[in-house]
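J.: sequence and predicted model, in that order:
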Amino acid sequence: MSTSPPTPRPYEYGVPVADLITRYRATYSGAVYDVLDELGYPHQALATDVKPVAQHWVLAGPAFTVKGIPDPTGDENLRARRIELFTAMRAAGVPVIDVRDCSADTQAAHYGEMNATVGEACGVIGAVVDGGSRDTRFLLDRDFPVFCRYLTPVEAVGRWSYYDWQRTVALRGAITATVSVSPGDFIMGDVDGVVVIPRTVVVDVLERTEALIAQEKISRAEFRSGEDPVAVYRRHGRL
């Protein structure tokens, strides 16, 4: 994990965070990825098995990053410190997504209903977990979006623990071994998967994605009208 200091004011974009969330939620991950790819950021998709627990969930918002480590001894100091994590989430001052680097652990659930309960009270609007989740029925009942690799009933205590937060973390990637996520990077996820938008291009990527989707709507209507598909493609360059 990076030891570099956090970016000052990571949640300032020149556009209100609430507006960014609403507008990104109206897009879709494939379009966002296409724009990132065109801008020279092709490695921003998370591993293909990081998916929403419920297929209809869509998640968009700035990352609040968490690093966890295997903890077979149940270190009391780590456990006692974890409540500070939620205080830091509240201090972010904007809605955030809990993004968890679980250090490739596959033994336990690294997220669950109590995390969602406390986190939501502190401004968390969803979670992306490079690991496992549990208490799924409760998460579904409250419609709290969680994207993860697997589900399990296994408790993390005595197996895994929080270590640090608001530092650059590394989640497993779709076409690279890992994808770096820093505080303030934007997360956009839907049924197809999760993409990470670097903080410095959040607004640019959004505007380009909105323009792309608008263009796609026009070409889609023309394809459906029965017009010559070659002519439509030559006009819009999208298929």
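T.: Happy to help now that I have it. Numbers count the residues shown, from 1 in each chain.
J.: drop to CA atoms for contacts and neighbour counts, all remaining ones
T.: Noted.
J.: please name every helix or strand in contact with the lengthiest strand in the chain.
T.: Secondary structure assigned by DSSP state E gives strand 59-70 as the longest strand of the chain. Judged by 3 or more CA pairs under 8 Å, 6 or more residues apart in numbering; DSSP states H and E, strand 59-70 is in contact with helix 17-25, strand 96-101, strand 160-165, strand 169-172, strand 186-190.
J.: so which of the ones you listed gets nearest Asp34?
T.: strand 186-190 (12.9 Å; CA to CA).
J.: continuing past that closest one, what's the next helix or strand?
T.: strand 193-197 (DSSP states H and E).
J.: average pLDDT across that following strand?
T.: Strand 193-197 comes out with an average pLDDT of 98.
J.: mind giving me the packing neighbours of that strand?
T.: Packing partners of strand 193-197 (3+ CA pairs under 8 Å, 6+ apart): helix 29-38, strand 51-52, strand 186-190.
J.: just how off-centre is the first one within its chain?
T.: Computed by CA atoms, centre = their mean, to the nearest Å, the chain-centroid distance of helix 29-38 equals 15 Å.
J.: then stretch 210-223?
T.: Relative to the mean C-alpha coordinate of its chain, stretch 210-223 is positioned 26 Å out (CA atoms, centre = their mean).
J.: cool, stretch 37-56 as well?
T.: Relative to the chain's own centre, stretch 37-56 is displaced by 9 Å; criterion: CA atoms, centre = their mean.
J.: also stretch 205-223?
T.: Taking the mean of its C-alpha atoms, stretch 205-223 sits 23 Å from the chain's own mean (CA atoms, centre = their mean).
J.: flag every buried residue along it.
T.: For stretch 205-223, the neighbour count (16 or more other CA atoms under 10 Å) marks 205-206, 208-210, 212-213, 216, 219, 222-223 as buried.
J.: state the distance from Ala174 to Ala47.
T.: Going from Ala174 to Ala47 by CA to CA, to the nearest Å gives 4 Å.
J.: comparing these two, which shows the higher neighbour count?
T.: The residue with more neighbours, out of Ala174 and Ala47, is Ala47; 22 against 19, by other CA atoms under 10 Å.
J.: can I get the buried residues of stretch 205-223 in a markdown table including distance to Gln107 and pLDDT?
T.: Compiled in a markdown table, those are given as follows (distance: CA to CA, whole Å; pLDDT from 0 to 100):
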| residue | distance to Gln107 | pLDDT |
| --- | --- | --- |
| Val205 | 36 | 98 |
| Leu206 | 37 | 98 |
| Arg208 | 40 | 98 |
| Thr209 | 38 | 98 |
| Glu210 | 40 | 98 |
| Leu212 | 41 | 95 |
| Ile213 | 40 | 95 |
| Glu216 | 43 | 83 |
| Ser219 | 47 | 71 |
| Glu222 | 51 | 64 |
| Phe223 | 49 | 68 |
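J.: where does this protein dip in pLDDT?
T.: For the chain, applying pLDDT under 70 flags the ranges 1-8, 221-223, 225, 227-239.
J.: look through this protein and tell me its longest helix.
T.: helix 202-224 (DSSP state H).
J.: spatially nearest residue to the residue nearest in space to the middle of the chain (excluding sequence neighbours)?
T.: Central residue of the chain (CA atoms, centre = their mean): Ile187, 3.7 Å from the mean position. Nearest residue to Ile187, sequence neighbours excluded (CA to CA, 6 or more residues apart in numbering): Val196, at 4.9 Å.
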